[in-house]
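**Student:** need coordinates for the following:
(2 chains)
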Amino acid sequence: MDDARPLIEVENLRLSLPDLAGKPLIGPAPKLEILKGLSFAIPRGAVLGIVGGSGSGKSTLGRALIRLLEPSGGAIRFDGQDITHLPEADLRPLRRRMQMIFQDPLSSLNPRRRVGGIIGGPLRLHGFDAIDRRVDEALDHVGLPRSFRSRYPHELSGGQRQRVGIARAIALRPDFILADEIVSGLDVSSQAQVLNLLEGLVADLGLTLAFISHDLSVIRRLCRNVLVLHRGEIVEHAPTAQVFAAPRAAYTRELLDAIPLPDPDQPWG
Amino acid sequence: MLDGRGAIRRRAGARLWLSGGWLLLLVTVALFAPLVAPQDPLAQDLMSGRLPPFWSAQAEPGFWLGTDSLGRDVLSRVIWGARVALTVACIAGPLTALIGGALGLIAGFYRGWADRIISRLVDIWMAFPPVLFSILLIAVLGTGLTSIILAIVVIDWTRFARVVRAEAMNQGAMDYVAAAQVAGFSRLRTMTAEILPNVLPTLVALLSLEMGIAVIVEAILSFVNLSLSTDAPTWGGMIAEGRTSIHQAWWVLAFPLVALFLTVLSFSQFGEGLKDRFDPVLR
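**Tutor:** Got it, this is the predicted structure:
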């Protein structure tokens, strides 16, 4: 492994999806370009915040990064390997190394599977040994009691479910985790707990993390660097502190102004 | 961390017990028909024709529900008729569920050309009026139990295919399917191990309903004399015979009709009851 090389490199990434709303009666739907040529890199062990309003393409970008969507142009390299157009079968061995935490923890956990199976299933698939011990460890990591392995998702609270989602991702010991709006569905105190947890895990496990959010104040807590996305284009990519102190793009200033401050007269320091 | 959510019990539900009780009774008497039936269902006795049920003054002991115009015991014929009805229900129902469910699951999960082919097939199939279609099939296949079962499977698989397809599409849009892909599970494994368990409660409820429908279809075909031979005891056949002597002996028509009604109702209620009771997800 070459440590100097970024874990993820994105070059001129383009992605179009069919626009079903504009589909004519006969013929294929027109293509809508969601991502318009993005280039950036995520170094090993970095936490990159991806921020943008709704419709900015941030979730699409996330899903392209872990190849749930196939880009229509450009390139994505994961640990030096080009995964842009890799077929699903060839992606499978890489899947363990890139994991995702979903926005809606209820929808992302199979309602008819117990927590133990949800965390243990992927471990079994990728040929891990001592599944039970690893599931216990993952539950310990996210601060859930081990007895939860026999619970169904609907028996848990929102914050607990999101912890299960995090446990599922980290149990595989991935190199890269994509967190897509993982706190936006939670109440404020659960949000704080999940963010604290993620902060601790990033430090302990040395994770490389892409953290998608529409909320800059959440990004500020967690991410060293931030990438601001607007209408499928990068308008700003800089260290978080710099973005908060001196935003260069007009759109970033709009986002910053949208954050409710404890004291409106006090600027960000 | 303690919370009571796991401890909430749903009430068992009278409908599960009532419908389950009737079906259990029916299965038991059908299995042990030779022991349970008081008379030979085929034995005719023209001297004791049209005997009324047991509560009437003219009733004769041993013929609890009276006799038909040929002097055959109605109770025994209802019991033996249950055998035919349940045989059809228990073979045709699961077979229909298997074929229709599998096609619906594939269409709803894989989408694309598989979905287009299966959905068009369903559309074409549903354009046929089912009763006429079944009569046509029996005419081609010949009468007999196997033909009835085959006809039900051939006609009713679309019922499962449509419902399961819609349900599989709903489930396919859930994030846990994307999560399975992120984990690296194959499409086939995702369909069978993630989607199928979530479609199963619907499938079971539908299967139970379908078994009731199979009983009705068998009765319709017997009624129009397209199932077993004329003297074989079937509920539909008994209703057809009872119809001709309704003014002299209403019980020949009434008892098989009641048995048919209760059985079909029980099958549909049993499915719903099972779904309520055993679905681990509170709805």
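
**Student:** could you look up the SS state of the nearest residue to B:Gly104 once chain neighbours are set aside?
**Tutor:** Leaving aside its sequence neighbours, B:Gly104 sits nearest to B:Val164 (Cβ to Cβ, 6 or more residues apart in numbering or on different chains; 3.1 Å). C-beta here means a position set from N, CA and C on the backbone, and glycine is covered the same way. Secondary structure, DSSP: H, G, I helix; E, B strand; the rest coil: B:Val164 is helix.

**Student:** spit out the contact partners of B:Val164.
**Tutor:** Contacts of B:Val164 were listed using Cβ atoms under 8 Å, 6 or more residues apart in numbering or on different chains, and they are B:Gly100, B:Gly101, B:Gly104, B:Leu105, B:Gly108, B:Val199, B:Thr202, B:Leu203, B:Leu206.

**Student:** which of those residues has the largest number of neighbours?
**Tutor:** Using other Cβ atoms under 10 Å in any protein chain shown as the neighbour criterion, B:Gly104 leads the contacts of B:Val164 with 30 neighbours.

**Student:** next helix or strand past the helix or strand hosting that one?
**Tutor:** Element membership of B:Gly104, judged by DSSP states H and E, is helix B:74-110. Per DSSP H and E, helix B:74-110 leads on to helix B:112-126 as the next helix or strand towards the C-terminus.

**Student:** secondary structure element for the spatially closest residue to A:Leu205 that is not a sequence neighbour?
**Tutor:** Closest residue to A:Leu205 apart from its sequence neighbours, by Cβ to Cβ, 6+ apart: A:Ile170 at 6.5 Å. Here A:Ile170 is covered by helix A:158-171, with elements defined by DSSP H and E.

**Student:** re earlier: relative to chain A, how far out is the residue nearest to B:Gly104?
**Tutor:** 16 Å (Cβ to the nearest Cβ, to the nearest Å).

**Student:** and what of B:Leu42?
**Tutor:** Using Cβ to the nearest Cβ, B:Leu42 is found at 49 Å from chain A.

**Student:** ok, now which ones touch that residue?
**Tutor:** Per Cβ under 8 Å, 6+ apart, neighbours of B:Leu42: B:Arg72, B:Asp231, B:Pro233.

**Student:** looking at those, which is nearest chain A?
**Tutor:** For the contacts of B:Leu42, the minimum distance to chain A (Cβ to the nearest Cβ) is 43.0 Å, reached by B:Pro233.

**Student:** got the contact list for that closest one?
**Tutor:** If a contact means Cβ under 8 Å, 6+ apart, then B:Pro233 has B:Pro41, B:Leu42, B:Ser76, B:Arg77, B:Val78, B:Trp80, B:Gly81, B:Val84 as its contacts.

**Student:** would JSON lines of those with pLDDT be doable?
**Tutor:** Shown next, in JSON lines, are the contacts of B:Pro233 (pLDDT from 0 to 100):
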{"residue": "B:Pro41", "pLDDT": "89"}
{"residue": "B:Leu42", "pLDDT": "88"}
{"residue": "B:Ser76", "pLDDT": "93"}
{"residue": "B:Arg77", "pLDDT": "93"}
{"residue": "B:Val78", "pLDDT": "94"}
{"residue": "B:Trp80", "pLDDT": "94"}
{"residue": "B:Gly81", "pLDDT": "93"}
{"residue": "B:Val84", "pLDDT": "92"}
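
**Student:** max pairwise distance over the contacts of B:Val164: which two?
**Tutor:** B:Gly108 and B:Leu206 (14.1 Å; Cβ to Cβ).

**Student:** rewinding a little: out of the contacts of B:Val164, which comes closest to B:Ala57?
**Tutor:** Of all the contacts of B:Val164, the one with the least separation from B:Ala57 (Cβ to Cβ) is B:Leu206, at 47.6 Å.

**Student:** go ahead and list the helix or strand containing the closest one.
**Tutor:** Secondary structure assignment for B:Leu206, by DSSP H and E: helix B:196-223.

**Student:** low-confidence ranges, the stretch 151-269 of chain A, go.
**Tutor:** A:261-264, A:266-269 (pLDDT under 70).

**Student:** how about the residues of it by chain B?
**Tutor:** Proximity of the stretch 151-269 of chain A to chain B is confined to A:Arg151, A:Tyr152, A:His154, A:Glu155, A:Ser157, A:Gln160, A:Arg168, A:Leu172 under the rule Cβ under 8 Å from any Cβ of the partner chain.

**Student:** how about 7 Å then?
**Tutor:** Residues of the stretch 151-269 of chain A lying near chain B by Cβ under 7 Å from any Cβ of the partner chain: A:Arg151, A:Tyr152, A:His154, A:Glu155.

**Student:** secondary structure and neighbour count added to these, as JSON lines?
**Tutor:** Supplementary listing: these in JSON lines, determined by DSSP: H, G, I helix; E, B strand; the rest coil; neighbours: other Cβ atoms under 10 Å in any protein chain shown:
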{"residue": "A:Arg151", "secondary structure": "coil", "neighbour count": "20"}
{"residue": "A:Tyr152", "secondary structure": "coil", "neighbour count": "20"}
{"residue": "A:His154", "secondary structure": "helix", "neighbour count": "16"}
{"residue": "A:Glu155", "secondary structure": "helix", "neighbour count": "21"}
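
**Student:** pull the most distant pair out of the residues you listed.
**Tutor:** A:Arg151 and A:His154 (8.9 Å).

**Student:** quick one: contacts for B:Ala59?
**Tutor:** Residues near B:Ala59 by Cβ atoms under 7 Å, 6 or more residues apart in numbering or on different chains: B:Leu51, B:Pro52, B:Pro53, B:Gly66.
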